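Chemist: model this:
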Amino acid sequence: MATYYTPKSRERDDRYLVSVEEYAHYQRNGYLIVKGLVSKEDIAELYELAEKTRNQNKNPGINFGGDDPLSEEFKQATRVHMLSRKEPAAERGMLNPRILDVTEALIGPDVYAVQSMMFLNPPGRGGQGWHQDACYIKTHPDTLIGAWIALEDADEENGCLWVVPGSNHEPIYPPAEIGGGNVHALDAFSNLNSVSNVSHLDDEVNTLSKVVANYPPPISVPLQPGDVLFFHSHLLHRSYPNKTTDRFRRSYVCHYCNARSWVPWDHDGFEGDSGNYRQILARGRTHLPYAEPVFGTEVYLYEGDDADGSSVSMMGMDNGMMMPVVQKK
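Modeler: Numbers count the residues shown, from 1 in each chain. Modelled structure (predicted):
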């Protein structure tokens, strides 16, 4: 028997309430900028972690293949994955309640925290060509969302993000060289052609640029510290290498999905066919396996009582309609 579930966002003094206009903008355009969402104190903690990460030794022995456009960036440790599993500050950043407030409204009410990435992008480095995030992190149902947190000024000179508004309505174009299953059912489209060299900086090589060409010119997304860009996992987006000689572009990027989605993914590898048990339940509830915060960061989960003996079933009425009927055990 099914049970009633009336989700409710938890009251907090500094809770961010998403407006209807913000929600509509995200759904229509595939992205939403929330200025000053993260406090100066929280940004300072993440910035300090970025500096700690930068000053550590480069990642030894990482090899993603000579043709992978990101191989050198990982080798040089200009981007580091899953610090949230190793550093308390990174976990707090990924589970920042104000970021989850927005995420909860856009894809919730049940939210998994799936991935974290620290980007450093020193002068002359960084950048990633046109891509769609759900190509890399697949969820079923397809509910992935990204949150790009600026730790310092990000502009066109030091490599801010560029987006194609409205391209979130595109399907995920399957790259021939990236495995791990598909977002869409096989053979569900008549003309969903595969693409090649996704994420490559050269638009002549990265064939997703042909899809980008169907839209008005992409727009840059300059941000200041504490600003957060939320973006749909189908949105076509990219960045360019840092063109400055004396500035970094430090940012912290996290991914979330609805916690009712099956997640056949885990960054560190896993046993079996699902990585759900590694994903932190950050809001609401789920019928699927989940992880708790390793470092004890507070999360705001569903507080309803499912043990009151109530259940709801669908009953056929005389007029042929189905109506929910509450039953007490």
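
Chemist: switch to C-alpha atoms for all contacts and neighbour counts from now on
Modeler: Will do.

Chemist: isn't Trp162 up against Pro218?
Modeler: Yes: between Trp162 and Pro218 a contact is recorded at 6.4 Å, counting by CA atoms under 8 Å.

Chemist: what about those two, which has more around it?
Modeler: Comparing Trp162 with Pro218 by other CA atoms under 10 Å, the one with more neighbours is Trp162, at 20 against 15.

Chemist: you'd agree Glu41 is in a helix?
Modeler: Yes: under DSSP: H, G, I helix; E, B strand; the rest coil, Glu41 sits within a helix.

Chemist: and the gap between it and Pro122?
Modeler: The spacing between Glu41 and Pro122, counted by CA to CA, to the nearest Å, is 23 Å.

Chemist: more neighbours: which of these two?
Modeler: Pro122 (21 against 10).

Chemist: show me what contacts the closest residue to the more buried one other than its chain neighbours?
Modeler: Distance criterion CA to CA, 6 or more residues apart in numbering; nearest residue to Pro122, sequence neighbours excluded, is Phe248 at 4.5 Å. Neighbouring residues of Phe248 by CA atoms under 8 Å, 6 or more residues apart in numbering: Leu120, Asn121, Pro122, Pro123, Asn158, Asn242.

Chemist: swap the cut-off to 10 Å and go again
Modeler: 119-126, 152-154, 158-159, 242 (CA atoms under 10 Å, 6 or more residues apart in numbering).

Chemist: those residues in strands, which ones?
Modeler: Members of these lying in strands (criterion: DSSP state E): Phe119.

Chemist: circling back: can you list residues touching both of Trp162 and Pro218?
Modeler: With CA under 10 Å, 6+ apart as the test, Trp162 and Pro218 both reach Leu236, His237, Arg238.

Chemist: most surrounded residue in those?
Modeler: Counting by other CA under 10 Å, top hit in the shared contacts of Trp162 and Pro218: Leu236 with 28 neighbours.

Chemist: hmm, back to that, could the contacts of Phe248 be laid out in TSV, adding distance to Asn29?
Modeler: Formatted as TSV, the contacts of Phe248 follow (distance: CA to CA, whole Å):
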residue	distance to Asn29
Phe119	25
Leu120	27
Asn121	27
Pro122	30
Pro123	31
Gly124	31
Arg125	29
Gly126	26
Glu152	25
Asp153	23
Ala154	21
Asn158	24
Gly159	22
Asn242	26
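
Chemist: Ile145: which of the contacts of Phe248 is nearest?
Modeler: Relative to Ile145, the closest of the contacts of Phe248 is Phe119; by CA to CA it sits at 17.6 Å.

Chemist: confirm that Leu100 lies within a strand, as I assumed.
Modeler: No: residue state for Leu100 (three-state DSSP) corresponds to helix; a strand is not indicated.

Chemist: number of residues surrounding the residue nearest to Asp273 when sequence neighbours are not counted?
Modeler: By the measure of CA to CA, 6+ apart, the closest residue to Asp273 outside its immediate chain neighbours is Pro264, 6.0 Å from it. For Pro264, the count of nearby residues is 17 (other CA under 10 Å).

Chemist: I'd guessed Pro264 sits against Ile137; true?
Modeler: Yes: Pro264 is within contact range of Ile137, at 8.3 Å (criterion: CA atoms under 10 Å).

Chemist: low-confidence ranges in the chain?
Modeler: 1-4, 57-77, 178-180, 267-272, 305-317, 320, 322-329 (pLDDT under 70).

Chemist: need the helices for it, in chain order.
Modeler: Assigned by DSSP state H, the chain shows helices spanning 20-29, 40-55, 71-75, 88-94, 97-107, 209-212.
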